[in-house]
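Enquirer: Just the structure for this:
(one chain, ligands or ions: 2)
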Amino acid sequence: MSGPLLLAIESSCDETGIAVVEGGRRIHSNVVASQVALHAATGGIVPEVAARAHLRWIAPALDAALADTGTDWTDIDGIAVTYGPGLAGSLLVGINFAKALAWVHEKPLVAVNHLEGHVYAAWLADPDTDPMEPVFPVVALVVSGGHTFLVEMRDHLSYRLLGSTVDDAAGEAFDKVGRLLGLGYPGGPEIQRAASGAIARDVVFPRAWLGDTYDFSFSGLKTAARRIVDAARADAGFAPGDTEAHLPDATVAELAHGFQESVVDVLVTKTIRAATAVGARSIVMGGGVAANSVLRARLAAAAEERRLPLIVPRPGLCTDNGAMIGAAGARRYAAGERAGLGLDARPSLPLAQR
Ligand code: KG4
Ligand code: ZN
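Expert: Numbering: from 1, shown residues only. Ligands and ions are numbered 1, 2, ... in the order given. A predicted model of the protein is given here:
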């Protein structure tokens, strides 16, 4: 699709993202102001701190996104903005900013579901990888800090929920187990890094299969991790309650590896099973956890074995960014959807029904 040039705004969680995207595929600019360093100090996101950081960075991010490409306001056809799900205060910053820009520059406003953005990141053309477009029916796995689910798409903007987590999101499990292992925030990239140093690879974490459903459960994994970490600390001779003592790097590596294997195994197995069951012609994956190199490699190998085309955006387009909102926004724009200036945040906005 060649199509509208959209300014896209993402502020649902802890990244301020502003992008200019053409036709939902071509990225002209994609600026992400990350708050990771800010939240690392508290080991997690404090919502008010996140909202204030968006307020601080959103205008400079816009300037950078426009300056990057020399885009002029007269070239912009509309403004796409995330209106949920996410943190209310963070969402409101992006929404209000988008509304003010839409009003001042007299541009149409398009409201985008953040989760739809994660799915549509797979439609962004990436010159660094295969410029393949997903073919319907698509099975999409979204794995982020707040969500983990599988949907079937038979056409654009149409979703049938196949399964979702019944408790924690996969990213949340990475973050919690990262904290248990004494690794930094966010836990996902830290666990990936630590796990790559594992040698014995003999620590086995449980898998919650939940029968033959496409649902996921990761909260038991956290409990198992606590038990396994406590046992390792006792083995190391640490006194109970001694939070200062750190496990040796080699032990942390084995534990991180065992945990990551469990999450990857369940995600890959269920995704491939779902894709086969619905007769998918392509699989897409998005969300922050999709940046995980082991998950990417394992899903690619499993899809290849069954000759299922797989499209996974590069890591920087899996974690939160504005370009993915421009990708989904272009489809909504083409469908004639317009939001009014009364647009409000929807912190619990769902993507799909069963
Ligand atoms: O999609 P995202 O950027 O924000 C949400 O919408 O939640 O996802 C953030 C999540 C965090 O839980 C983070 O730990 C996880 O994605 N993550 C990873 C990796 N990079 C980010 N998890 C595993 N491996 C990674 N390399
Ligand atoms: Zn996200």
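Enquirer: Excluding sequence neighbours, find me the nearest residue to the residue sitting nearest the centre point of the chain.
Expert: Central residue of the chain (Cα atoms, centre = their mean): G287, 2.0 Å from the mean position. Spatially, and ignoring its direct neighbours in sequence, G287 is nearest to S144 (3.4 Å; Cβ to Cβ, 6 or more residues apart in numbering). C-beta: built from backbone N, CA, C; applies to glycine.
Enquirer: Am I right that the one you found is in contact with M285?
Expert: No - in this structure S144 lies outside contact range of M285 using Cβ atoms under 8 Å: 10.9 Å.
Enquirer: and the two? which has more neighbours close in?
Expert: M285 (29 against 24; other Cβ atoms under 10 Å).
Enquirer: you'd agree that one is in a helix?
Expert: No - using DSSP: H, G, I helix; E, B strand; the rest coil, the assignment for M285 is strand, not a helix.
Enquirer: residue contacts, it?
Expert: 122, 140-143, 271, 295-296, 299, 310-312, 318 (Cβ atoms under 8 Å, 6 or more residues apart in numbering).
Enquirer: which SS class is the residue of the stretch 101-250 of the chain found nearest ligand 1?
Expert: Using Cβ to the nearest ligand atom, G188 is the residue of the stretch 101-250 of the chain that sits closest to ligand 1, at 2.1 Å. Secondary structure, three-state DSSP: G188 is helix.
Enquirer: what about the residue of the stretch 251-354 of the chain found nearest ligand 1, how many neighbours?
Expert: Of all residues in the stretch 251-354 of the chain, G288 sits closest to ligand 1, at 2.1 Å by Cβ to the nearest ligand atom. G288 is flanked by 27 other residues according to other Cβ under 10 Å.
Enquirer: okay but it is in contact with A170, surely?
Expert: No - in this structure, G288 is not within contact of A170 by Cβ under 8 Å, at 9.0 Å.
Enquirer: can you map out the helices along the stretch 1-150 of the chain?
Expert: For the stretch 1-150 of the chain, the helices defined by DSSP state H, counting those that start in this stretch occupy 36-40, 47-69, 88-105, 114-120.
Enquirer: Using JSON lines, lay out those helices together with mean pLDDT.
Expert: Below are the helices of the stretch 1-150 of the chain laid out as JSON lines (pLDDT from 0 to 100):
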{"stretch": "helix 36-40", "mean pLDDT": "89"}
{"stretch": "helix 47-69", "mean pLDDT": "95"}
{"stretch": "helix 88-105", "mean pLDDT": "98"}
{"stretch": "helix 114-120", "mean pLDDT": "98"}
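Enquirer: Pull the number of nearby residues for the residue nearest to P248 when sequence neighbours are not counted.
Expert: Excluding the flanking residues, the one nearest P248 by Cβ to Cβ, 6+ apart is A236, at 7.3 Å. By other Cβ under 10 Å, 12 other residues sit near A236.
Enquirer: Around ligand 2, which positions in the protein sit nearby?
Expert: Residues of the chain that fall close to ligand 2, judged by Cβ under 5 Å from the ion: S144, D320.
Enquirer: what does the chain have sitting close to ligand 1?
Expert: 13, 144-146, 171, 174-175, 186-189, 192, 287-289, 291-292, 319-320 (Cβ under 6 Å from any ligand atom).
Enquirer: what does the model give L247 for pLDDT?
Expert: pLDDT, L247: 93.
Enquirer: what about it, distance to V177?
Expert: According to Cβ to Cβ, to the nearest Å, L247 stands 13 Å off from V177.
Enquirer: How about R226?
Expert: 9 Å.
Enquirer: hang on, the earlier thing: wait, the residue nearest to the centre of the chain touches F149, no?
Expert: No - using Cβ under 8 Å, G287 is not in contact with F149, being 9.5 Å away.
Enquirer: hey, what's in contact with both of the two?
Expert: With Cβ under 8 Å, 6+ apart as the test, G287 and F149 both reach L141, V142.
Enquirer: which residues of the stretch 251-354 of the chain fall in helices?
Expert: 293-305, 315-318, 322-334.
Enquirer: and those, which is most packed in?
Expert: Each of the helices of the stretch 251-354 of the chain was scored by mean neighbour count; the highest is helix 322-334, a mean of 29, by mean count of other Cβ atoms under 10 Å.
Enquirer: what is the orientation angle of it with helix 88-105?
Expert: 60 degrees (axes from the mean of the first three to the mean of the last three Cα atoms, to 10 degrees).
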